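Chemist: Sequence plus the predicted model coming up.
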Amino acid sequence: MLITGCASLPEQYERSDSFALQDTASTALGQAGREPLQDHPGQSAFRPLPGGVDALVARMVLAEAAERSLDVQYYIWHDDLTGRLFAHALLRAADRGVRVRILVDDVGTKANDEVLLSLDAHPQIEVRLFNPVASRTFRGLGMLSDFSRTNRRMHNKSFVADNQRAVLGGRNIGDEYFEAHGEVAFGDLDVLTLGPVVAEVSEAFDLFWNAPMSIPIGALTGRLGQAASLDVLREQLAAFAEAQADSAYARQARSTAARGLATGTDGMFWGRGHVVVDDPAKVTRPPEDTEGHLLPQLARIGVQLRSELLIVSPYFVPGDAGVAALTALVQKGVRVTVLTNSLAATDVGAVHAGYKKYREPLLEGGVRLYELRPNAIDYGRAKDGKRQISGSRASLHAKTFMFDRRAVFIGSLNLDPRSAQLNTEIGVVGESEAMAGALASGILGALDQVAWRVERVVGPDGSARLVWNETTAEGTRQWTDEPEVSGWRKFGVWFLGLLPIESQL
């Protein structure tokens, strides 16, 4: 602790600001979108990507199609199948002369500094870490010794190709987000966009890229990557990609329709788009200071809410203020439905401990509450019957809100204190009745098949209790306690609920 406490972030080092390239209309991606954009003046196009394989392929195809630039910003980037294939695609683009800017969260990614230095050694690639841990040798201890700062993280997820196409949403880079994990599969949602909204995504990326908290990997480590290390990494990634070429996952990726959908515009939803993003300086301000926060920006967009609000949030800790706001909407005649993780489906028990105390007041206030079942392998089923979640256990990870089936938010924001006050987030609001209606219908139509509906039942003696209703092909089953979890897990969550940690959830 003494050693790591002496470590400090670099203050004097060379760095230069850079910005999204503006002269990309002549690229292949720019030309592909020119006529459709002329037919929809002032509007942007949106393609929701509920399927994990499609979401990965969209990124890979855009990386292959890029001619000028790739801007990549993620909270988590695993060294696994999809993480290596993604890195290989970025390196191939850089070898073609594409400028690649990589901005990752230091704590979330836990990336190997040697790998990042090797990538940074490429003349077309620059790597920066957001709000990094000063000690690179004892990073865990370094985080603890500087907890008030390193507890504030960049949770953003965005991918921009040639400043012409962007992908935003809930997915990090890792197998569990792209249906390549054997034990757990996250039900997630991204959106592929083109049009004026892409410039807003690029502007948000530039804001973070040039922020003082984003430190070049070379300045952080005090040394530069070597060309020889880059050559070794290039060979390793190429060999890995070749070895995976005949795997079941690679075959599925090659056959997916996203290869054409990533660069074309057929079947996309059109409407006005708005990017909402936290100011990167949020992590330097007190949590209660709302200057530059994302949530107030959502309110200022001016989307009117009259009849229906659908919230999908895997980590849902509304707090007293959130409960009051949602129940006030119900009192005004708005039908409020919330889908979140059950205890059996969540990957973060502490968040469930924070959420469970608000179930009764939400239900008492008229909010319709659903919790995802861990066997919900058909969550987000497409019209063609394609399975969107596979694996032994499903877990919700999508973050989306739908307003009156006229507008939809898709992004990285969870409705919990950490997203609202501690971390930075990004998302896009698409004002498209067709898109919002299609997404809402798909989710609401499947709720009873993939989730338990939680209800508050009042007995003859006036006492209230919660029940979980499960709809099956055989009929309806009712649970009187947290379904499909062990007593030990229930005890652990109960104990966590005693701790004063809600502000960190």
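Modeler: On my side now, so go ahead.
Chemist: I'd like the distance between the residue nearest the centre of the chain and Lys282.
Modeler: Centrality entry for the chain: nearest residue to the mean C-alpha point is Gly170, 1.9 Å, by C-alpha atoms, centre = their mean. Counting by C-beta to C-beta, to the nearest Å, the gap from Gly170 to Lys282 is 19 Å. (Each C-beta comes from the backbone N, C-alpha and C, glycine too.)
Chemist: swap in Ala58?
Modeler: In terms of C-beta to C-beta, Ala58 sits 29 Å off from Lys282.
Chemist: same thing with Asp320?
Modeler: Counting by C-beta to C-beta, the gap from Asp320 to Lys282 is 22 Å.
Chemist: more crowded one of these two?
Modeler: Neighbours per residue (other C-beta atoms under 10 Å) separate Asp320 from Lys282, with Lys282 holding more: 23 against 9.
Chemist: Look at stretch 288-297 and report the distance between its end residues.
Modeler: Distance between the boundary residues of stretch 288-297 (C-alpha to C-alpha, to the nearest Å) amounts to 16 Å.
Chemist: Let's test this: mean pLDDT of that stretch, rounded?
Modeler: For stretch 288-297, mean pLDDT rounds to 93.
Chemist: Would you pull up how far that stretch lies from the middle of the chain?
Modeler: Relative to the chain's own centre, stretch 288-297 is displaced by 19 Å; criterion: C-alpha atoms, centre = their mean, to the nearest Å.
Chemist: Also stretch 119-136?
Modeler: For stretch 119-136, the distance to the chain centre is 21 Å (C-alpha atoms, centre = their mean).
Chemist: Could I have the CA atoms of that stretch written out in CSV?
Modeler: What follows is stretch 119-136, C-alpha atoms only, in CSV (Å, rounded to 0.1, in the frame of the first residue of the first chain):
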residue,chain,number,x,y,z
LEU,A,119,-0.8,-1.8,-30.7
ASP,A,120,0.2,1.7,-29.9
ALA,A,121,3.5,1.1,-31.7
HIS,A,122,1.6,1.0,-35.0
PRO,A,123,2.0,4.4,-36.8
GLN,A,124,-1.8,4.4,-37.5
ILE,A,125,-3.0,3.3,-34.0
GLU,A,126,-3.1,5.4,-30.8
VAL,A,127,-4.2,4.0,-27.5
ARG,A,128,-5.4,6.0,-24.5
LEU,A,129,-6.7,4.8,-21.1
PHE,A,130,-9.4,6.7,-19.3
ASN,A,131,-8.8,7.7,-15.6
PRO,A,132,-6.2,5.0,-15.2
VAL,A,133,-4.7,3.5,-12.1
ALA,A,134,-1.3,5.1,-11.4
SER,A,135,0.5,1.9,-10.3
ARG,A,136,0.9,-0.5,-13.3
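Chemist: Leu496: what's it in contact with?
Modeler: 349-350, 353 (C-beta atoms under 8 Å, 6 or more residues apart in numbering).
Chemist: Kindly reformat those residues as a markdown table and extend each row with pLDDT and neighbour count.
Modeler: Shown next, in a markdown table, are those (pLDDT from 0 to 100; neighbours: other C-beta atoms under 10 Å):
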| residue | pLDDT | neighbour count |
| --- | --- | --- |
| Gly349 | 93 | 16 |
| Ala350 | 94 | 19 |
| Ala353 | 95 | 23 |
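Chemist: Show me which of these is closest to Asn112.
Modeler: Of all the contacts of Leu496, Asn112 sits closest to Ala350, with 27.4 Å by C-beta to C-beta.
Chemist: State the phi and psi torsions of Phe46.
Modeler: phi -130, psi 130 (degrees, to the nearest 10).
Chemist: Could you do Val276 as well?
Modeler: phi -120, psi 130.
Chemist: care to break the protein down by domain?
Modeler: Annotated domains of the chain cover 40-261, 270-504 [automatic domain parsing].
Chemist: And the contacts of Leu496, which is closest to Ser26?
Modeler: Using C-beta to C-beta, Ala350 is the member of those that lies nearest Ser26, at 50.3 Å.
Chemist: What helices and strands are in contact with the helix or strand encompassing the closest one?
Modeler: Using DSSP states H and E, Ala350 falls within helix 349-356. For helix 349-356, the packing partners by 3 or more C-beta pairs under 8 Å, 6 or more residues apart in numbering; DSSP states H and E come out as helix 487-496.
Chemist: tell me the mean pLDDT over the helix it packs on?
Modeler: 92.
Chemist: In PDB, list the C-alpha atoms belonging to it.
Modeler: Output of helix 487-496 as PDB, limited to C-alpha atoms (Å, rounded to 0.1, in the frame of the first residue of the first chain):
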ATOM      1  CA  GLY A 487     -30.900 -20.400   0.200                       C
ATOM      2  CA  TRP A 488     -27.300 -19.500   0.400                       C
ATOM      3  CA  ARG A 489     -27.500 -17.000  -2.400                       C
ATOM      4  CA  LYS A 490     -30.600 -15.400  -0.900                       C
ATOM      5  CA  PHE A 491     -28.800 -15.100   2.400                       C
ATOM      6  CA  GLY A 492     -25.800 -13.400   0.700                       C
ATOM      7  CA  VAL A 493     -28.100 -10.900  -1.100                       C
ATOM      8  CA  TRP A 494     -29.900 -10.300   2.200                       C
ATOM      9  CA  PHE A 495     -26.600  -9.600   3.900                       C
ATOM     10  CA  LEU A 496     -25.500  -7.200   1.200                       C
END
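Chemist: Remind me which helix or strand the closest residue to Arg139 other than its chain neighbours belongs to.
Modeler: Spatially, and ignoring its direct neighbours in sequence, Arg139 is nearest to Val133 (4.8 Å; C-beta to C-beta, 6 or more residues apart in numbering). For Val133, there is no enclosing helix or strand under DSSP H and E.
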